[in-house]
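>>> Attaching a predicted model along with its sequence, questions to come.
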Amino acid sequence: MNSMFRTPTLLAATAVTTALLAACAGMGPMMTAPEVPSALAVPAGNKVAFMYKGSGLLNYECRAKADAPSEFSWVLASPDAALKDKNDALVGKYYGGPTWEHADGSKVTGKQLAVSPAPTAGNIPWQLVQATPSAGSMTMNGVTYIQRVNTMAGVAPADPCTAAVVASKKQVRYSADYYFYKG
């Protein structure tokens, strides 16, 4: 082959390789999974893809207990939180379902698999959720598990929940780190 054709190809390949190496260097180190109780461990073969900080409100409602209708308790009705990245930029929201929705339109829902008490009293439990197939083809596509850790506040209201206030609602502030895994 003529050297006239090899030189531009070699230059182009070098430029692409240099650009890829520069992009990888900007990605930073791989994100590591948080330390969690064994009940919240994600199955082998799944790796942390990203983490978002959730902060907002947990909406509670005073309801009769299903197995004891003359007794009442505060029940989590729905979350309403913003999701932010490590630079504190708003990237999505978290709401009932449970559903985590990214600003790019992709979203994932899930089913709770396990909970574990938060290490510090007064904080909602840590949680493991198995994701169901996601909507959209962007950020949330391929998410398999979600861990809620490092929770702050969010426990049910201390106000009495009785027949006199059944169906009343209260909002409680909370925050947590959500680790999203992909297979």
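Ah, there it is. Numbers count the residues shown, from 1 in each chain.

>>> Find the centremost residue of the protein, please.
Tyr178 (3.3 Å; Cα atoms, centre = their mean).

>>> which helices and strands does the helix or strand where that one lies pack with?
Tyr178 is part of strand 169-182 when elements are defined by DSSP states H and E. On a contact count with 3 or more Cβ pairs under 8 Å, 6 or more residues apart in numbering; DSSP states H and E, strand 169-182 meets strand 47-65, strand 68-84, strand 143-153. For the C-beta atoms, the positions are set from N, CA and C on the backbone; glycine is no exception.

>>> could you dump these to a markdown table with mean pLDDT?
A markdown table is the format used below for those (pLDDT from 0 to 100):
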| stretch | mean pLDDT |
| --- | --- |
| strand 47-65 | 97 |
| strand 68-84 | 96 |
| strand 143-153 | 98 |
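
>>> among the ones you listed, which is the most enclosed?
strand 143-153 (a mean of 21; mean count of other Cβ atoms under 10 Å).

>>> And that strand, what does it pack against?
Using 3+ Cβ pairs under 8 Å, 6+ apart as the test, strand 143-153 ends up in contact with strand 107-116, strand 126-131, strand 169-182.

>>> For Lys84, which of those strands is the nearest?
strand 169-182 (9.8 Å; Cβ to Cβ).

>>> List the buried residues of the closest one.
170, 172, 174-182 (16 or more other Cβ atoms under 10 Å).

>>> on that earlier part again, in CSV: the helices and strands packed on strand 169-182, plus distance to Ala114.
Below are those laid out as CSV (distance: least, Cβ to Cβ, whole Å):
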stretch, distance to Ala114
strand 47-65, 18
strand 68-84, 16
strand 143-153, 10
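
>>> Hmm, Ala33 is touching Leu40, no?
No: with contacts counted by Cβ atoms under 8 Å, Ala33 stays clear of Leu40, the gap being 10.1 Å.

>>> Touching, Ile136 and Thr99? I think so.
Heads up, residue 136 is Gly, not Ile. No: using Cβ under 8 Å, Gly136 is not in contact with Thr99; the gap is 11.9 Å.

>>> Those two: which is more packed in?
Thr99 (18 against 14; other Cβ atoms under 10 Å).

>>> ok, now which ones touch the nearest residue to Asn141 once chain neighbours are set aside?
Nearest residue to Asn141 in three dimensions, chain neighbours excluded: Ser134, at 5.2 Å (Cβ to Cβ, 6 or more residues apart in numbering). Contacts for Ser134 (Cβ atoms under 8 Å, 6 or more residues apart in numbering) come out as 106-109, 140-143.
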